[in-house]
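Student: okay, structure incoming, though there's no sequence with it:
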């Protein structure tokens, strides 16, 4: 059996929204392989291709929108991630002027000079690690930096993570896990892109090990099951994802969503749910660099039903 | 050989500062057992002892200050945590009006009514877990919520985590790990308290499984080695801890301290250190509820020297 | 000479973006009168029309987009506000659940109950004030809560203020002042709405004295004059407007834009510009309630050229 | 009649707290003239005295503590400001590395280089303005940058504004206004310092026109009248002051305190008080640079009793 492959026809959208024509239609239950460009559309290839010289105005080209048959507002779109594979043997990171977690930015503004523009090229090694020259090697943990549906009215930049998903830069969006996304428009208008071979939590410099990728996913729907924010289910944990500024608001959203979820579907009353979250949650920062920051709350499945 | 035991004589301080007389003196290399009260000085014992009725004005009684012989400003105080043991078989959590992560507070102020005051008593089970009635049981992971030295001029509330350590509510302050603290005044003026049998990351409701405890630690000094913020070393990771508001500032501090540490002591130049942090760090939220929020950055020791 | 009147044909857009067809075209130098709906599209008319019962999904209906002939990306659109007039003799404020500055919200999330839903109807008095029953009367200072152009790629909610203008809720957008907006798409795609008879700085409860209005404006272009954020010029002051979260980021943007403006067009070097801002600026909070918060920085024109 | 003069005997405290011995005692109703050092203790005198070379470890030397006879916890200390006079004819501003609103700081940390160290000397002119060379002149509006009482347990840096007052950098702390401060310890332990000839709202670069000063104030007590945060009363307005991070929390405190004040003492119920604040408040940023940011809310006295 062969899996259908989806490649972008025409230019890549740089927003999550309902205003682009779908590039493909899928049925619930269908598994597809989606090909994605890297965050720079492949333009940064070495130390001499400085971001300020080669990049266009937009980052994070998406593959999509993909129309999911039968998806209606109020449904949950379930995306089982079967595999995330790099489609080349090198990855790129770099410092982009006034972008990142340890620099002032266009939003956290100062009068200081930017950090230097630097490019790091990592190459896949025979042992499976991705190495920067002879300096250090990183274990691969490939995932999709952007994954989301269309907001109902807005068209949001592919640099933005929010209620629809988007640029969460969340390492847990990886092989073996299922991402649950709200459906806001008929057909859901799913998009993904921005694959990373590896990334630290927080994505400190704003740029992970960026690669082009092949993403194998299976789509499904939970009908009449509205959710407000993305959720992730792994074999061992359930997770909620909040994206906001300041970062504490992202944390509050992730924690609050988890309290609601435990209360609605896992047999706790509101206050016991708050206790379980208070005493057992993991709470990590997925990104500290994007237009909204992202926090993930996790509860061990020993505390949940099913 | 018996270990010297330190119990508070007289009332407990509720600040970290140089203005209280030391209750004990220890020598570098010495191991002691410190007895600590719970965060409520034992006043909440059941569902009928509501926080608003039984609590005094201050929380987090400390045991200390402990004078470390030979400690001078510019040294690092190393506290090896040999054991953290509950000294009773029950622990308490509760909701305190206008305190916690999913309520408005005196600092994040609204006109809404507070959450209900509720008390949870957890009891140690034969299987080692700590159980709330017949509802759920939590694995013990005991640690000290507060640990710190005196700031040089300020006397800071025992509810505050900052450069001196303090109320970090950081689950990594646990058996087997070493906490590094800046020495700001002669003798360091070390204090600790607020033991937790368990706590989720973020300490969502603001109150962990609070216990009285016996804390066995070994003190040592790294002379002429100034550090700005607390650090933690585990067998597998090195960690930096930042405490600030908004939460992103705590994250930036933790990440920035790690870049500095990798550059100063682990053989990286500044920008490669930024890369290692960007691509490999873990970044978790220790508390989202205290006067400053706390973030921990972790790097696997495969990326460090020694 | 009569002024051309622009009324919305068809439904009102609830976003700022390029994806709606223009409802009118204007030439640079032209003066028009634009009719606007109130923020609730007129649905809240008294204490029995509770927001949660009568409101649809979206707020802040816009009149527009209006295509400005000759406007190109990189130009500045100048909107001289000649008059802002209520078109009815009553205004409405209310408390909307989980919306406002002194309540938790969907983004600053807590587990608390919402504030009560309440409606205040203010009526125009013979003395010109707008009075709530026999309790208190407010001086009218009418202005447009939303005013903006289309972002280049995004379609942003009419509840959002950002680089394009939008829902700044800035009382200085008033008669006698000129608002400068960036042009991001050919024709600028200008929209306005959400008139307020009066509003305190910060718009504490999130809802001003909301009215339908007639807005008389004159459009003009400064060709090849890119600006990043909205600016306002009054007879006595120049102003920059930043919208972001957390609020300090909005403040930094407003201050940084002012430094840039003084340096680029008013004869200061960068550091003297920073001094003038540091020693003479006014810095007020326009809104503390919207999806981004808004800060206005003002410099007296005694310190500027022309 | 001569007014008693208070000059610091011995070294100046650099904290607000109960741990220093009072330098003077005053009676309620008494008027005194207090002499204050500038924020740098006079060490920066020209462009060659760079902050990093001449400054010690602490800033903002205070004159005090002053013991107010009869002041008890739960009272309000009223400080009528009769005059604020520079005691020299030059003032200094400067850029201090990693301090200010448009630079990264030790708390909002980045890897960028600091801004250049620069010093501006302003000289008093015959026309009353204070001029920097031939470049620009600033109107004097002298006020005290720091004013406060002792917290009950803590000793807080003189760089910190909080519930006790402190380093609010609030231009409204000026001649003709009365500052209300909470009394937390017997005698109140009042201190003041850090006079500014002028300062813009926000104090963008972190350093105003710093001067040594003579401050004439009259002390009074409102017995058994606890307040949580500082308040200011001018001939035309009542004001509340909140200091916190992020800046929106400072704004929420100022607004919430005003709602409480209008409800407790000015004849409004809670929700009408929220309306009056929402529709008529002024809301300005006093400082965007200190350890906590400060926001001032103002209500016209037409809306208040007495």
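Tutor: Yep, it's here. All figures in this text were calculated on a predicted structure; none of them were measured in a lab.

Student: so what's the closest residue to residue A:186 other than its chain neighbours up against?
Tutor: Nearest residue to residue A:186, sequence neighbours excluded (CB to CB, 6 or more residues apart in numbering or on different chains): residue A:72, at 5.8 Å. From N, CA and C alone the C-beta is placed, and that goes for glycine too. Going by CB atoms under 8 Å, 6 or more residues apart in numbering or on different chains, residue A:72 touches A:183, A:186, A:223.

Student: which stretches of the stretch 151-300 of chain A form strands?
Tutor: Applying DSSP state E, counting those that start in this stretch to the stretch 151-300 of chain A gives strands spanning A:156-157, A:161-162, A:165-166, A:178-182, A:190-196, A:213-222, A:231-233, A:237-244, A:282-287, A:293-300.

Student: pLDDT of the fourth one, averaged?
Tutor: Across strand A:178-182, the average pLDDT comes to 98.

Student: over to the longest one?
Tutor: If you average the pLDDT over strand A:213-222, you get 98.

Student: buried stuff in it?
Tutor: By 16 or more other CB atoms under 10 Å in any protein chain shown, the buried positions in strand A:213-222 come out as A:213, A:215, A:216, A:217, A:218, A:219, A:220, A:221.

Student: could you pull up the residues touching the residue nearest to the fourth one when sequence neighbours are not counted?
Tutor: Looking back up the chat, that one is residue A:217. With sequence-adjacent residues excluded and distances taken as CB to CB, 6+ apart, residue A:217 is closest to residue A:79, at 5.1 Å. By CB under 8 Å, 6+ apart, residue A:79 lies in contact with A:147, A:178, A:179, A:180, A:181, A:190, A:217, A:218, A:219.

Student: what do you get for residue A:208?
Tutor: A:93, A:145, A:169, A:196, A:197, A:198, A:199, B:278, B:279.

Student: could I have the buried ones of these as PyMOL selection syntax?
Tutor: Burial among these is assessed by 16+ other CB under 10 Å; the matching PyMOL selection reads:
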select buried, (chain A and resi 93+145+169+196+197+198+199) or (chain B and resi 278+279)
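
Student: in helices, which of the contacts of residue A:208 appear?
Tutor: B:278, B:279 (DSSP state H).

Student: redo the contacts of residue A:208 as CSV? Include pLDDT.
Tutor: Below are the contacts of residue A:208 laid out as CSV (pLDDT from 0 to 100):
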residue, pLDDT
A:93, 98
A:145, 98
A:169, 98
A:196, 98
A:197, 98
A:198, 98
A:199, 98
B:278, 98
B:279, 98
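
Student: in a markdown table, list the contacts of residue A:208 along with distance to residue B:43.
Tutor: Formatted as a markdown table, those follow (distance: CB to CB, whole Å):
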| residue | distance to residue B:43 |
| --- | --- |
| A:93 | 53 |
| A:145 | 49 |
| A:169 | 44 |
| A:196 | 50 |
| A:197 | 53 |
| A:198 | 49 |
| A:199 | 46 |
| B:278 | 46 |
| B:279 | 48 |
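
Student: which ones, among the contacts of residue A:208, also lie beside chain D?
Tutor: With the criterion set as CB under 8 Å from any CB of the partner chain, no member of the contacts of residue A:208 is near chain D.

Student: quick check, nearest of the contacts of residue A:208 to residue B:61?
Tutor: Of all the contacts of residue A:208, residue B:61 sits closest to residue B:278, with 40.7 Å by CB to CB.

Student: re the thing from before, make JSON lines out of the strands of the stretch 151-300 of chain A and add distance to residue D:232.
Tutor: Shown next, in JSON lines, are the strands of the stretch 151-300 of chain A (distance: least, CB to CB, whole Å):
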{"stretch": "strand A:156-157", "distance to residue D:232": "42"}
{"stretch": "strand A:161-162", "distance to residue D:232": "40"}
{"stretch": "strand A:165-166", "distance to residue D:232": "44"}
{"stretch": "strand A:178-182", "distance to residue D:232": "47"}
{"stretch": "strand A:190-196", "distance to residue D:232": "51"}
{"stretch": "strand A:213-222", "distance to residue D:232": "56"}
{"stretch": "strand A:231-233", "distance to residue D:232": "48"}
{"stretch": "strand A:237-244", "distance to residue D:232": "33"}
{"stretch": "strand A:282-287", "distance to residue D:232": "39"}
{"stretch": "strand A:293-300", "distance to residue D:232": "35"}
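
Student: pull the residues that contact the worst-scoring helix or strand of chain A on mean pLDDT.
Tutor: Least confident helix or strand, chain A: helix A:51-54 with a mean of 92, by mean pLDDT, DSSP states H and E. Helix A:51-54 is contacted by residues A:40, A:43, A:44, A:94, A:95, A:96, A:97, A:117, A:119 when judged by CB under 8 Å, 6+ apart.

Student: list the buried residues for the longest helix along chain A?
Tutor: Ordering each helix of chain A by length in residues (DSSP H) puts helix A:247-265 first. Going by neighbour count (16+ other CB under 10 Å), the buried part of helix A:247-265 is A:247-263.

Student: restrict the residues you listed to those near chain B?
Tutor: Filtering the buried residues of helix A:247-265 for proximity to chain B by CB under 8 Å from any CB leaves A:247, A:248, A:251, A:252, A:255, A:256, A:259.

Student: looking at those residues, which one is closest to residue B:295?
Tutor: Scanning those for proximity to residue B:295, where the rule is CB to CB, the winner is residue A:247, at 8.6 Å.

Student: tally of neighbours for the residue lying closest to residue A:271 once chain neighbours are set aside?
Tutor: Leaving aside its chain neighbours, residue A:271 sits nearest to residue B:118 (5.6 Å; criterion: CB to CB, 6+ apart). Here the number of neighbours of residue B:118 (other CB atoms under 10 Å in any protein chain shown) works out to 17.

Student: so residue B:118 makes contact with residue A:270?
Tutor: No. Checked against CB atoms under 8 Å, the pair residue B:118 and residue A:270 is beyond contact range at 10.4 Å.

Student: tell me the mean pLDDT for the helix or strand harbouring residue A:137?
Tutor: Using DSSP states H and E, residue A:137 sits in strand A:136-138. The average pLDDT within strand A:136-138 is 96.

Student: can you tell me which helices and strands that strand packs against?
Tutor: The contact analysis (3 or more CB pairs under 8 Å, 6 or more residues apart in numbering or on different chains; DSSP states H and E) places strand A:136-138 against strand A:130-132, helix B:270-280.

Student: ok, that strand: who's next to it in the sheet?
Tutor: strand A:130-132 (antiparallel) (DSSP bridges).

Student: what's the partner strand in contact with?
Tutor: For strand A:130-132, the surrounding residues in contact (CB under 8 Å, 6+ apart) are A:91, A:120-125, A:137-138, A:140, A:197-198, A:209, B:272, B:275.

Student: buried subset of those?
Tutor: A:91, A:120-122, A:124, A:137-138, A:140, A:197-198, A:209, B:272, B:275.

Student: now stretch A:40-47, how far from the centre of its chain.
Tutor: Put simply, stretch A:40-47 sits 20 Å off its chain's centre (CA atoms, centre = their mean, to the nearest Å).

Student: can you list the buried residues in that stretch?
Tutor: A:40, A:41, A:44.

Student: show me what contacts the last one?
Tutor: Going back to what we said before, that points to residue A:44. Contacts of residue A:44 (CB under 8 Å, 6+ apart): A:51, A:54, A:55, A:92, A:94, A:119, A:210.

Student: recalculate using a threshold of 6 Å.
Tutor: Neighbour list for residue A:44: A:92, A:94 [criterion: CB atoms under 6 Å, 6 or more residues apart in numbering or on different chains].
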